[in-house]
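Got a predicted structure here, sequence first:
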Amino acid sequence: MSRQTKRVNRRQFVKTVAGAGTLLAAPQVIPSSALGKDGAIPPSERIVLGGIGIGNRGTYDLGCFLQQPDVQFVAICDVKEKRRVAVKQIADQKYNNSDCDKYRDFRELLARKDIDAVLIATGPNWHATAAIHAARAGKDMYCEKPCTKNISQSLLLAETMRRTGRVFQAGTQRRNLPHFAFACELARTGRLGKLRRVYAHPAGMTSKASGWLPPENAPPIEEVDWDMYLGPAAWRPFNHTMLNGFHFEKGGGYMGCFEESGRFTGGGVLEWGSHCVDLCQWAANADHTAPVEYNPPENGQIVATYADGVQLILREKDWLPLGSCPVRFEGDDGWIETGDSGKFVLSSPALLAGRTVEEIGGYPATFHVRDFLDCVKTRSQPKGNADTACYAHIACHAANIALYLDRKIKFDPVLHEFPDDEQANRLRGEALRAPWRL
Amino acid sequence: MFEIRFTLNSLAAVILAVNCMLVSPTTSMAEEEQPLIDLLQSDAPKAQKAITCKKLAVWGTAKAVPSLAALLPDPELTSWARIALEAIPDPAVDNALRQALEQVEGRALVGVINSIGVRRDPKAVGNLIPLTKNATAEVASVAAVALGRIGNSKATAALRQALVDGPDAIRSAVAEGCILCAEKLLANGHANEATQLYDEVRAADVPKQRMVEATRGAILARGADGIGLLVAQLKSDDPVITSIGLMAARELSGANVTKKLMAALTKVAPDRQALLILAMGDRGDTEAVPALLDTVQNGPTGVRIAALEVLQRLGNVESIPVLLSVAAGSNVEVAAAAKASLKSLPGDGVDAELIARLAHAQGADRLALIELVGLRRLDALPPLLKAVDDTNLEIRTAALIALGEVAKLDNVSILIGRVLHPAHAQDGPVALKALQAACIRMPDREASAEKLATALADAPPSAQGAILETLTAMGGKKALQTLRAAANSDDAQSQDTATRLLGSWMTVDAGPVLLELATASDGPYKVRSLRGYIRLVRQFLMPDAQRAAMCAKAWKAAQRDTERKLVLQVMQRYPSTAMLQMAVEATQISSLKKEATEVALAVAKKTNKQAEVKKMLENAQQ
């Protein structure tokens, strides 16, 4: 049976039935009527959380977790002491104690038996490797995007989650926002007629990778652990410019390169593609496959085609002013476009069919975090599970390969290879620096 | 693109090679490869060699392997060399990696072993087996995992043995290797052998997580016969063990698996029952429905609710009698869950069956069915129209709410009638809410607004405000016209309500109306209207030119510094040349000089026009 199954409304179930608490540890299912009026959840029934690599984005995610009454954050791991201190301060202030532990090596955090789940927001260089280590250590995880650096990592990530039985939620929070879900539903259920085109905003169409900069004196390891920062990335000397984890070794870049601005791009179409392409995959009923053909950029667009003929179009321009990360779905009978404003535009108001779709702007991750926590309890699959993330990322990586090779490529989403295309196949994976492995 | 900062001379050769590749990626690889090999063999800086390895990962052949392999002992370049070596699909790489096992140590050795595992080189098994006994646990562990990735019979046998007599420090890795071998056996159709290997791991002294993974594999490899083992996990007091049972319950395939799992339901504790039921829902198998229908009628509340949740997806028309009965029951939480199930119940005949039942239903069933007509938006107007005249308040209320959900344009007048002339006083507010719900969801909002505008003339004062609020929620031309008329009417209450509502209008088309009210020669709500206008400029999406033009009009209309400061905030929020110009001009007003100057400088900074603004400010002050 496929892992991606028809899911029941777990959120409602968990809220109604359990109200709170780690179901698996609870002696019996607790009706919400039996809960205390303040909804307080005893520490013994909370999901114990650790954080790995909590910078700007991670701090936002952590805030979403800390809002949840059934979460207890107990430990922070970061290669930078400043971040360890800052996050510990957030946690200790929240709980009015000094209990949050600090680690420089995430393996020590993962070795803690009391930790149920981890928030991984390191930066894309580490995401897949840390997630796979967390799964092997028996932890569930919420992992920021882009989750993988290449096709091979995408497949191994999904495979590992299956093997280890862990719950994985990619940081693709738009899957849990009503306007995006509504747009995907219209496309998926045929309300737009036969689906023809799905559009994604990639926020970048350059194929670059972090390079090797002139060496600088490295700070003490207690301040910044450079070796741990590099992690699975190939070795290079310390240079402070590279300490921006958001950009470093994002994947999708195949040419060693350093921009004069000091900003390491390298994501290619991965930056927003891991959000927008992910939504297009959902809309096209393609959560377990990927386009079979990819063209290099032409007129500001990368056009890929699914086996059923639906086109996935990545474009930078010509969007309605509906906010960042826009998507558009076009069928024979209508279209819908939406973005981070929370608003959407329909080809016809009749597509709304009398429904009221909540408009939540600003792409909050709260709902996505809640979805993850509910699944930790029920062991169901969250919306951004490893399988859906795997194929959405594969689509982005394949588009990046077409971009880099600057020619049309074909992909077999069953065998996960580019038929008779040695160069493209070589770009499916990349060796990890020892001692790291997937 | 190639922009690494190094001495230009030493980089020239690489740039030349890279540029060749970029311009013509499909040209002969041999022609492109040689300069890269030459560079690796030269005394070029390591940075160049590193990037060259990346290029050879795509374009290298067996020719490049010796040069790449020579970098493996170099701690700074070994990882780069492996990037190329892992990618080049030539047996020469495997030979080189096997030879390197004897030549490198420490992390480099770990890396080489990992690369052999990734390439699944069967010829390396003989080299890897001794390495599982290496004194360094890290080396021995990665050797075990590499053997697992290769997964042939010789590798499997070695791992089996290590599972029994290997040192504790590598037991986890050995178990991981065994599980990889078992997966390969299963994928190749050797389920029995896979099962045996999984069971050996389960029985061995391995970390709990490895045991959990082996248990999952043991269940799945057994197919339908794995039910017993799965249920045993669900009975465990250990949540980690139960978790893997629940995961496997979602994955296990085979004949009658769903039926067997449902039969096992009563063998586990109630909290596990609820979770197992949710797993059944994720399986999406309708074989579970009869047992689920039994479950919803009795037992612990949580289990019943879980079953009702799943029936939302798996139930069908035949589930209706049981669900209706539960929906009419006394357990409030269960009844609500049953209604939720009925609301989403799939199947072709469900709608027709619910409508047919409503025609004859009595008491609690009738109430539930009326609610469902609204929730499912069924085409069942006659029984609803009958119900809105019922003597029972509960029935009337439910019917009016449902009417709000199903009424079409032609039926809006019915709801308007109930608002303006309710037969029972209690019905008025409910009817108003229903009217609002109906109008807001109408596809033809203009036609709907026309009806409301007509009704407004006859509406009692108590309902006029609500109708105006409904029009505001709807938006559109007619609604805006109606609000404008109300704001300009002689009635003080209408003026107050309409200007307040215009201030919360959700589209920019209210701008001209608000500006008209704000600049009228008289009128009690000029300031309120102007603030509503400024709100549009501040909050809504619009082209830059339009925003600047509206900003200018707002500035001109503002009579007080309080509103002028709001306009200045808009200028700062949306920096542009036009906004900058306006902010500079605003510095002429002495009472606002400080704020306007700050805004002008902020806008200048964002638009990169600091120099211009200094000059403009100087001119403005002259």
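Perfect, thanks for sending it.

quick one: the helices in the stretch 51-200 of chain B?
Per DSSP state H, counting those that start in this stretch, the stretch 51-200 of chain B carries helices over the ranges B:65-69, B:78-87, B:91-100, B:106-119, B:125-131, B:137-150, B:153-165, B:171-187, B:191-203.

just these: most buried one?
Ranked by mean neighbour count under mean count of other Cβ atoms under 10 Å in any protein chain shown, those are led by helix B:78-87, which reaches a mean of 28. For the C-beta atoms, the positions are set from N, CA and C on the backbone; glycine is no exception.

rewinding a little: adding mean pLDDT and distance to chain A as columns, could you present the helices of the stretch 51-200 of chain B in JSON lines?
JSON lines is the format used below for the helices of the stretch 51-200 of chain B (pLDDT from 0 to 100; distance: least, Cβ to the nearest Cβ, whole Å):
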{"stretch": "helix B:65-69", "mean pLDDT": "98", "distance to chain A": "11"}
{"stretch": "helix B:78-87", "mean pLDDT": "97", "distance to chain A": "4"}
{"stretch": "helix B:91-100", "mean pLDDT": "98", "distance to chain A": "11"}
{"stretch": "helix B:106-119", "mean pLDDT": "98", "distance to chain A": "3"}
{"stretch": "helix B:125-131", "mean pLDDT": "98", "distance to chain A": "14"}
{"stretch": "helix B:137-150", "mean pLDDT": "98", "distance to chain A": "6"}
{"stretch": "helix B:153-165", "mean pLDDT": "97", "distance to chain A": "16"}
{"stretch": "helix B:171-187", "mean pLDDT": "98", "distance to chain A": "7"}
{"stretch": "helix B:191-203", "mean pLDDT": "98", "distance to chain A": "11"}
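
any chance of those helices in a markdown table, plus distance to A:Arg196?
Formatted as a markdown table, the helices of the stretch 51-200 of chain B follow (distance: least, Cβ to Cβ, whole Å):
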| stretch | distance to A:Arg196 |
| --- | --- |
| helix B:65-69 | 46 |
| helix B:78-87 | 37 |
| helix B:91-100 | 44 |
| helix B:106-119 | 40 |
| helix B:125-131 | 51 |
| helix B:137-150 | 42 |
| helix B:153-165 | 49 |
| helix B:171-187 | 37 |
| helix B:191-203 | 43 |
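
Let me know which of those helices is the nearest to B:Tyr525.
Closest to B:Tyr525 of the helices of the stretch 51-200 of chain B is helix B:78-87 (Cβ to Cβ; 70.1 Å).

what's the nearest residue to B:Ser504 if we skip its chain neighbours?
B:Thr472 (6.8 Å; Cβ to Cβ, 6 or more residues apart in numbering or on different chains).

hmm, back to that, who wins for proximity to A:Thr160 among the helices of the stretch 51-200 of chain B?
Closest of the helices of the stretch 51-200 of chain B to A:Thr160 is helix B:171-187, at 10.4 Å (criterion: Cβ to Cβ).

for that closest one, packing partners?
On a contact count with 3 or more Cβ pairs under 8 Å, 6 or more residues apart in numbering or on different chains; DSSP states H and E, helix B:171-187 meets helix B:137-150, helix B:153-165, helix B:191-203, helix B:208-222.

and for it, what are the contacting residues?
Residues outside helix B:171-187 that contact it (Cβ atoms under 8 Å, 6 or more residues apart in numbering or on different chains): A:136, A:163, B:132, B:140-142, B:144-149, B:151, B:155-156, B:159-160, B:162-163, B:166, B:191, B:193-194, B:197-198, B:200-201, B:204-207, B:210-211, B:213-214, B:217, B:220-221.

at 7 Å instead, please
A:163, B:141, B:144-145, B:147-149, B:151, B:155-156, B:159-160, B:162-163, B:166, B:193-194, B:197-198, B:201, B:204-207, B:210, B:213-214, B:217, B:221 (Cβ atoms under 7 Å, 6 or more residues apart in numbering or on different chains).

Then the residue nearest to B:Ser504 would be within a helix, right?
Yes: assessed with DSSP: H, G, I helix; E, B strand; the rest coil, B:Thr472 lies in a helix.

Just give the number of residues close to it.
Using other Cβ atoms under 10 Å in any protein chain shown, B:Thr472 has 22 neighbouring residues.

Distance check, it against A:Asp61.
37 Å (Cβ to Cβ, to the nearest Å).

just B:Asn316 next, same as before
41 Å.

Can you classify A:Glu330 as helix, strand or coil?
On the basis of three-state DSSP, A:Glu330 is classed as strand.

Around it, count how many other residues there are.
For A:Glu330, the neighbour count with other Cβ under 10 Å is 21.

OK, contacts around it?
A:192, A:196-197.

so what's it bridging to?
Following DSSP bridges, A:Glu330 is listed with bridge partners A:Arg197, A:Trp335.

so who does B:Val599 touch?
B:Val599 makes contacts with B:568, B:571-572, B:583, as judged by Cβ under 7 Å, 6+ apart.

Which two among these are spaced furthest apart?
Pairwise distances across the contacts of B:Val599 (Cβ to Cβ) peak at 7.7 Å, for the pair B:Gln572 and B:Ala583.

what's the burial count for the residue of chain B found nearest chain A?
Across chain B, the shortest distance to chain A (Cβ to the nearest Cβ) belongs to B:Gly302, at 2.6 Å. Number of residues near B:Gly302 (other Cβ under 10 Å) recorded here: 29.

which other helices and strands contact the helix or strand harbouring it?
Using DSSP states H and E, B:Gly302 falls within helix B:301-314. The criterion is 3 or more Cβ pairs under 7 Å, 6 or more residues apart in numbering or on different chains; DSSP states H and E, and the helices and strands that helix B:301-314 contacts are helix A:10-13, helix B:270-283, helix B:289-297, helix B:332-344.

relative to helix B:289-297, how tilted is the longest one?
For the pair helix B:270-283 and helix B:289-297, the angle between their directions (axes from the mean of the first three to the mean of the last three Cα atoms, to 10 degrees) equals 140 degrees.

pLDDT on helix B:270-283, on average?
The pLDDT scores in helix B:270-283 average 91.

Convert the C-alpha atoms of stretch B:453-465 to CSV, please.
C-alpha atoms of stretch B:453-465 as CSV (Å, rounded to 0.1, in the frame of the first residue of the first chain):
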residue,chain,number,x,y,z
ALA,B,453,-30.7,47.5,-2.4
THR,B,454,-34.4,47.2,-3.2
ALA,B,455,-35.1,45.7,0.1
LEU,B,456,-33.2,48.4,1.9
ALA,B,457,-35.8,50.9,1.1
ASP,B,458,-38.5,48.9,2.9
ALA,B,459,-36.4,47.7,5.7
PRO,B,460,-37.0,48.7,9.3
PRO,B,461,-34.2,50.7,10.8
SER,B,462,-33.2,47.7,12.9
ALA,B,463,-32.4,45.8,9.7
GLN,B,464,-30.9,48.5,7.6
GLY,B,465,-27.5,48.4,9.2
